[in-house]
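Participant: Just a sequence and a predicted model for now, questions to come.
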Amino acid sequence: MLSFFLRFTLSAAALSLMPSLSNAQWVQTNGPYSGFIQSLAISGTNLFAGTYDGVFRSTDNGANWTAVNTGLTNTNVQSFAVSGTNLFAGTYGGGVFRSTDNGANWTAVNTGLTNTEVRSFAVSGTNLFAGTYGGVFRSTDNGANWTAVNTGLTNTYVQSFAVSGTNLFAGTYGGVFRSTDNGANWTAGVNTGLTNTYVRSFAVSDTNLFAGTYGGVFRSTDNGANWTAVNTGLTNTDVRSFAVSDTNLFAGTYGGGVWRRSLSEMITSVEHSRSIPAAFRLGKNYPNPFNLSTTITFSLPLAAVVSLKVFDALGEEVSTLVSGEMSAGTHALQWNAMRLPAGMYFYRLQAGSINEMKKITFLK
């Protein structure tokens with residue numbers, strides 16, 4: 001087994017019991033080779049990692065890895081795409097390779113690809129897109145032939161792609177571009193809140209779009225119009241690749257191996273603000289009364305062990321939202337009461353010098 005990894009202290013079972021922690025963090029899992037992970041892909045039960053030394057495959061969520069490089073004449077693997085039974089690998093200077101047997105064998109497919117520095121892929125219906133240092137190329141026949149599609153793309157150093165509904169996103173050295181017509185035309189300027197515009201990777205989960213940059217991970221819920229950083233616990237913020245698997249988002253970093261974070265933690269929680277409050281404070285939930293879910297805020301003037309729990313009208317605990325150390329700042333998270341009866345509830349914050357309780361009204 002390849003040895004570059006840092007084991008985390010919480011077991012998978014323990015993590016599954018705490019999906020709503022607002023201080024949730026990325027945790028590092030086993031990674032292949034030296035930790036220089038340039039690309040990730042998931043096909044069925046297989047997780048693939050692209051490195052400077054070719055493709056590695058894991059069938060146990062990253063616990064163990066095996067090299068799969070037969071026919072791969074260029075092993076500097078920058079990107080992956082999965083389309084049906086086809087797995088595509090984009091290389092730096094070697095163009096595109098295709099495998100139909102989960103990486104056991106590879107064949108070059110480069111006709112019409114005038115730039116062979118392939119940094120990214122996207123699949124949208126019958127269209128396969130390749131992002132290169134010469135712009136975007138499109139294939140409609142599983143890579144057999146390629147055509148350039150770059151109208152409006154003012155930065156042709158294309159690092160990454162994402163497909164969300166009818167939107168195709170391209171990440172470049174100059175930020176994010178969006179196309180709504182399969183790459184025929186591109187529009188710039190969807191970068192509000194993206195404090196690092198060197199976009200190396202994307203991931204999509206439902207209505208959430210994630211961008212990996214030299215400055216970490218950013219999330220957008222409005223098709224790239226606005227972005228928010230989600231980097232708590234991520235000590236290496238040079239994010240080169242993503243993969244989504246069930247409830248987890250995997251991030252491949254440059255020199256820092258593979259990191260994992262629960263999607264529900266990022267989607268239901270909000271990262272703490274950068275300004276430091278003057279005192280411990282429990283805010284009012286909003287909305288109140290509420291239907292199904294409500295947001296609870298609290299402030300910490302310094303790092304502290306936090307307990308935030310919800311109780312019913314009889315004083316019985318019904319939910320633990322936070323139990324552990326959190327950093328200084330203002331935090332906000334959602335409580336979902338879908339499985340509980342309507343009525344009066346109370347939430348209590350214990351942290352530092354504060355032990356305070358407030359009332360919630362749940363209406364169905």
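Facilitator: On my side now, so go ahead. The model shown is predicted, which means the values in this text are computed figures rather than measured ones. Residues are numbered from 1 along each chain as shown.

Participant: Ramachandran coordinates for the residue lying closest to Leu128 once chain neighbours are set aside?
Facilitator: With sequence-adjacent residues excluded and distances taken as C-beta to C-beta, 6 or more residues apart in numbering, Leu128 is closest to Ser139, at 4.5 Å. Just so you know, the C-beta spots here come from the backbone N, C-alpha and C atoms, and that holds for glycine as well. Geometry field for Ser139 lists phi and psi as phi -130, psi 140, criterion degrees, to the nearest 10.

Participant: got a list of what Ser139 touches?
Facilitator: Under the criterion of C-beta atoms under 8 Å, 6 or more residues apart in numbering, the contact partners of Ser139 comprise 127-130, 145-147.

Participant: now swap in Phe121 and tell me
Facilitator: In this structure, Phe121 makes contact with 79-81, 88, 90, 128-131, 161, judged by C-beta under 8 Å, 6+ apart.

Participant: Which neighbours in the sheet does the helix or strand where it lies have, and how are they oriented?
Facilitator: Counting by DSSP states H and E, the element that carries Phe121 is strand 118-124. Listed by DSSP bridges, the sheet partners of strand 118-124 and their directions read strand 127-132 (antiparallel).

Participant: what's in contact with the strand it pairs with?
Facilitator: For strand 127-132, the surrounding residues in contact (C-beta under 8 Å, 6+ apart) are 79, 81, 83, 88, 90, 96, 113, 115-123, 136-140, 142-143, 146, 149, 158-161, 168, 170, 182-183.

Participant: Show the average pLDDT along that strand.
Facilitator: Averaged across strand 127-132, the pLDDT comes to 94.

Participant: repeat for stretch 52-66
Facilitator: Rounded mean pLDDT across stretch 52-66 is 87.

Participant: Quick check: buried residues in that stretch?
Facilitator: Residues 54-58, 61-62, 65 are the ones in stretch 52-66 that count as buried (16 or more other C-beta atoms under 10 Å).

Participant: Most widely separated two among those?
Facilitator: The two members of those with the most space between them (C-beta to C-beta) are Gly54 and Asn61, at 20.6 Å.

Participant: Can I have the buried ones of the contacts of strand 127-132 as a PyMOL selection?
Facilitator: Under the burial definition 16+ other C-beta under 10 Å, those of those that qualify are selected in PyMOL by:
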select buried, resi 79+81+83+88+90+96+113+115+116+117+118+119+120+121+122+123+136+137+138+139+142+143+146+149+158+159+160+161+168+170+182+183
